[in-house]
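# quick one: sequence and predicted model below, then my questions.
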Amino acid sequence: MVAASFAEFAQQVLSGLASGGIYASLALALVIIHRSTGVINFAQGEMATLSAYIAWTLTFNHGWSYWPAVALTLVISFGGGVAIHRVIIRPVERGSVLRVVVVTIGLLVAINGFVLWRWGGEPQLLESPFGTGTVQFQGVILTRHEVGTILVALGTVGLLWLLFRFTKLGLAMRATAVNPDEARLVGVRVTWMLALGWGLAATLGAIAGLLTASSLLLDPNMMVAVLIYAFAAAVLGGIDSPVGAVVGGLLLGLILSMLSYLSQYQAFSWFNEELKLPAALLIILIVLLVKPSGLFGKPEVKRV
Amino acid sequence: MKTLLELDAVQARYGPVQALYDVSLTVGEGEVVSVLGANGAGKTTTLRAISGMVSRSGAIELDGKPLRGGPEAAARAGIAHVPEGRGTFVELTVTENLRLGAYTLKGRKVKGEIDRVTAFFPWMAERGNQRAGTLSGGEQQMLALGRALMSRPRLLLLDEPSLGLAPMIVRDFFATVRRLNEEEGLTVLVVEQDARIALASSVRAYVLEVGRVALTGTSAELQGDESVRRSYLGY
């Protein structure tokens, strides 16, 4: 009995980490843009949805096989992110933060409208690239999709870490994020770095969108909840900390799946799926009240 | 001596506020030249005009070629600008700051340049992984200098390097600049509030007053003239 319930527990932990990986990817996208542009990109979720639809169209309407379709989708998303920054965000970037925020909200509505207009509201099936079966290890049963999600999330984070830590481009992007004026003086083309940041964020979002679409169904509003979870993850980890976004995402996935796990017990039987979103919002609220800079963020210092 | 930098009737403005009315100056190859003047005279703006950080008009030429575009272009043309108040990325490590200094160089050279710069400042190699923000003020100013050297600049612009530093550290800093000038032939244009140390370290100087060049001469002349010292330099 004890062994069985341990397996059950471990299983819950791992599927928590699988959803956490998705939150982490999208949270990382939010953090990359917030660090460089100083705003929350409210359209991040819808951009991800659009990417997932592009992949779906490629496979379903144009007969592409899955991986080439994903590769092309990621490239399109990257280009789209760069284009959004150059064409839509850059002109308003100089003004107040509020202007950019309003523009991203506009973008959210526009993309959502476009997806509904182009593909309709009917949920579609986007199959998981990892197959449908399950994987068993020591009594722990996970779907192949969950295992794949964890691996993809880890791989993505690892690649980004290598980029930021060891490459000249990554260093220039970090320099741009921490001090754009200074970065210009050493010769960094700052506006291009910002555009690249949007491209990277859009690509990360696309990955989150594809993983979400194949664990649920592809539908125009599928990323709304995920975006809220990503907010919670980013706030929890510290809105300016990439490491924080990843840890926050995984932690949030874990917390939510632990709440589901506990709900089998009498004391927590009131908890069900419907309370997940409010729980995430509660976490945002608590973090903002108790430690506004999050787990890994640095407290904001304003120079007067 | 060959003229490296030439400003001819340069004007600059911050939005509606004009900061430079008429600044003409030259810096010869291998020279250390200082720009002096009271607060608000336009010293910092002169440097900002050279590296394209403010909107400007008039002619600015480096090595006979007009400088156009923003700071990125100036950096590519061979200008290293150390801005006022330490030009370091406080959140990045010492080594990362140095690597960024060599941003305009092609990839392979960076290691060699780090070796060259850390030969001048050995502590930068020993404490390469330390975050710049945790260095002392004097060390940050040295790091800013080290970072500027990484790009093998044609021209180094220093903006108020003495600001907020103890006198001993200021002397040390200027001694290093002089050494770089002698050993590497580095050309320097330095803006300084502290006229005494600046004149002691430069061959020529310009004195600005309300956005115009009021006075120019060799450092020795300016130092020797008591009325100039009293009315313009305040010591």
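Yep, it's here.
# taking chain A, what residue is nearest to chain B?
Distances between chain A and chain B by Cβ to the nearest Cβ are smallest at A:Gly187, namely 3.3 Å. From N, CA and C alone the C-beta is placed, and that goes for glycine too.
# ok so that residue is a helix residue?
No. The assignment for A:Gly187 (DSSP: H, G, I helix; E, B strand; the rest coil) gives coil, which keeps it out of a helix.
# what is the longest helix along chain A packed up against?
Among the elements of chain A assigned as helix by DSSP state H, the one spanning the most residues is helix A:2-37. In terms of contact count using 3 or more Cβ pairs under 8 Å, 6 or more residues apart in numbering or on different chains; DSSP states H and E, helix A:2-37 is assigned the packing partners helix A:44-60, strand A:140-143, helix A:144-166, helix A:168-178, helix A:190-215, helix A:222-237, helix A:242-262.
# tell me the buried residues in that helix?
Taking 16 or more other Cβ atoms under 10 Å in any protein chain shown as the neighbour-count basis, helix A:2-37 is seen to contain the buried residues A:7, A:10-37.
# stretch B:188-197 now?
When neighbours are counted by 16+ other Cβ under 10 Å, the buried residues of stretch B:188-197 are found to be B:Val188, B:Leu189, B:Val190, B:Val191, B:Glu192, B:Gln193, B:Asp194, B:Ala195, B:Ile197.
# of all those residues, which comes closest to B:Glu6?
Minimum distance to B:Glu6 across the buried residues of stretch B:188-197 is 11.6 Å, recorded for B:Leu189 (Cβ to Cβ).
# quick one: average pLDDT of the helix or strand the closest one falls within?
Taking DSSP states H and E as the definition, B:Leu189 sits inside strand B:187-191. What strand B:187-191 shows for mean pLDDT is 97.
# so what are the sheet partners of it and their directions?
strand B:32-37 (parallel), strand B:155-159 (parallel) (DSSP bridges).
# the helix or strand following the shortest one - contacts with which helices or strands?
Per DSSP H and E, the first helix or strand lying C-terminal to strand B:155-159 is helix B:167-184. With contacts defined as 3+ Cβ pairs under 8 Å, 6+ apart, helix B:167-184 has these neighbours: strand B:32-37, helix B:109-120, helix B:137-150, strand B:187-191, helix B:195-201.
# got the angle for helix B:167-184 vs strand B:155-159?
Using axes from the mean of the first three to the mean of the last three Cα atoms, to 10 degrees, the inter-axis angle of helix B:167-184 relative to strand B:155-159 is 170 degrees.
# give me the residues contacting stretch B:70-79.
Identification of contacts with stretch B:70-79 by Cβ atoms under 8 Å, 6 or more residues apart in numbering or on different chains yields A:181, A:184-190, B:50-53, B:62, B:65, B:67, B:81, B:103-104, B:151-155, B:157.
# among the residues you listed, name the buried ones.
For these, a neighbour count by 16+ other Cβ under 10 Å gives the buried set as A:184-190, B:50-53, B:62, B:67, B:81, B:103-104, B:151-155, B:157.
# list the contacts of A:Leu252.
A:Leu252 is in contact with A:Gly20, A:Tyr23, A:Tyr229, A:Ala232, A:Ala233, A:Leu236, A:Ala280, A:Ile283, counting by Cβ under 8 Å, 6+ apart.
# check contacts around the residue lying closest to A:Glu146 once chain neighbours are set aside.
Take A:Glu146 and drop its neighbours on the chain: the residue closest to it by Cβ to Cβ, 6 or more residues apart in numbering or on different chains is A:Ala18, 4.0 Å away. Under the criterion of Cβ under 8 Å, 6+ apart, the contact partners of A:Ala18 comprise A:Leu142, A:His145, A:Glu146, A:Val147, A:Thr149, A:Ile150, A:Ala153, A:Ser215, A:Gly253.
# isn't B:Arg171 right up against B:Ile197?
Yes. With contacts counted by Cβ atoms under 8 Å, B:Arg171 reaches B:Ile197, the gap being 6.9 Å.
# mind checking the SS state of B:Glu61?
On the three-state scheme (three-state DSSP), B:Glu61 is labelled strand.
# just the pLDDT at it, thanks.
Note on B:Glu61: pLDDT of 96.
# looking at it, it is touching B:Leu4, isn't it?
No. Using Cβ under 8 Å, B:Glu61 is not in contact with B:Leu4; the gap is 9.2 Å.
# burial count for the residue in chain B that chain A sits nearest to?
When distances are taken as Cβ to the nearest Cβ, chain B approaches chain A most closely through B:Ala75, which lies 3.3 Å from it. Close neighbours of B:Ala75, defined as other Cβ atoms under 10 Å in any protein chain shown, add up to 24.
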